[in-house]
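Q: just coords:
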């Protein structure tokens, strides 16, 4: 893969690519598939023109195919419409709330390495957990000025998973521990619960300006942690 186009970018522009690639990488790990829909809110506060340009360049360089419409033809080999790709020189003047992506695994991995995305297993990226992040009461967790997450019951599986993750204050929580916490029949079912929580926006403040990201470590059984974005 020729990376001259990426290496020639300024540090500022590379930072835009890092934001987008990191968001796609996290979503890919959580969903567990190479093709999926991703809300544009996952990309944080990056300006529209930068986001569109980055997505278009990744598409044209065969790193991540990005489309604005799903394919309804039934062709399993192409899950998203080729009639509506995002290109960095296209005429699309907007982005929908959700875009569809197909991650081209080999090229995507190379770009991640160049940008330094996904290397946290080899270095500590955890910053001090802000004191403004705290439980307001038994059912409400405050992320300070970024918002509040509320639950209806302390007995729900979603509450228990969320509580273990925030109480770890940036540390990893093993899947096996979460499985025991929610009395789940298997680790795989626990992962499914976390994926549904992610897709259903149980963690709504995670999508505000990349304040927090959910990171996965390893597989079988694996672990999760909430990482405070330092960008």
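A: Nice, I can see it. Quick caveat, the model's predicted, so the values are computed rather than measured.
Q: Where does pLDDT dip in this structure?
A: Counting by pLDDT under 70, the chain contains low-confidence ranges at 45, 69-95, 118-128, 198-221, 227-231.
Q: tell me the SS of residue 165?
A: Here residue 165 is recorded as helix under DSSP: H, G, I helix; E, B strand; the rest coil.
Q: bridging residues for the nearest residue to it once chain neighbours are set aside?
A: Distances taken as C-beta to C-beta, 6 or more residues apart in numbering place residue 226 nearest to residue 165, at 5.2 Å, with adjacent residues excluded. Placement of C-beta: from N, CA and C, glycine included. According to DSSP bridges, the residues that bridge with residue 226 are residue 214.
Q: burial of residue 226, as a residue count?
A: 23 (other C-beta atoms under 10 Å).
Q: Show the backbone phi and psi for residue 172.
A: For residue 172, the backbone dihedrals are phi -70, psi 140 (criterion: degrees, to the nearest 10).
Q: correct me, but it touches residue 223?
A: Yes. Using C-beta atoms under 8 Å, residue 172 and residue 223 qualify as a contacting pair, with a distance of 4.2 Å.
Q: thinking again about what came up before, quick one: the residue nearest to residue 165 and residue 177, what's the gap?
A: When distance is defined by C-beta to C-beta, to the nearest Å, residue 226 is 15 Å away from residue 177.
Q: likewise residue 2?
A: Residue 2 sits 44 Å away from residue 177, going by C-beta to C-beta.
Q: do residue 196 as well
A: Distance of residue 196 to residue 177, computed by C-beta to C-beta: 19 Å.
Q: all strands of this protein, in order?
A: Read by DSSP state E, the chain holds these strands, from start to end of the chain: 35-39, 64-67, 98-103, 133-137, 140-143, 148-150, 173-174, 212-217, 223-228.
Q: and this structure, what are its domains?
A: Domain ranges of the chain: 4-118, 133-228, per automatic domain parsing.
Q: for this protein, longest helix please?
A: Among all segments of the chain classified by DSSP state H, the helix with the greatest residue count is helix 11-31.
Q: buried stuff in that helix?
A: Within helix 11-31, the residues that qualify as buried by neighbour count (16 or more other C-beta atoms under 10 Å) are 14, 16-30.
Q: now that helix and strand 35-39, what's the angle there?
A: Angle, helix 11-31 to strand 35-39, by axes from the mean of the first three to the mean of the last three C-alpha atoms, to 10 degrees: 120 degrees.
Q: What angle do strand 98-103 and helix 11-31 make with each other?
A: Using the same axes, to 10 degrees, the direction of helix 11-31 lies 90 degrees away from that of strand 98-103.
Q: Which secondary structure elements does helix 11-31 sit against?
A: In terms of contact count using 3 or more C-beta pairs under 8 Å, 6 or more residues apart in numbering; DSSP states H and E, helix 11-31 is assigned the packing partners strand 35-39, helix 48-60, strand 98-103, helix 105-115, helix 187-199, strand 212-217.
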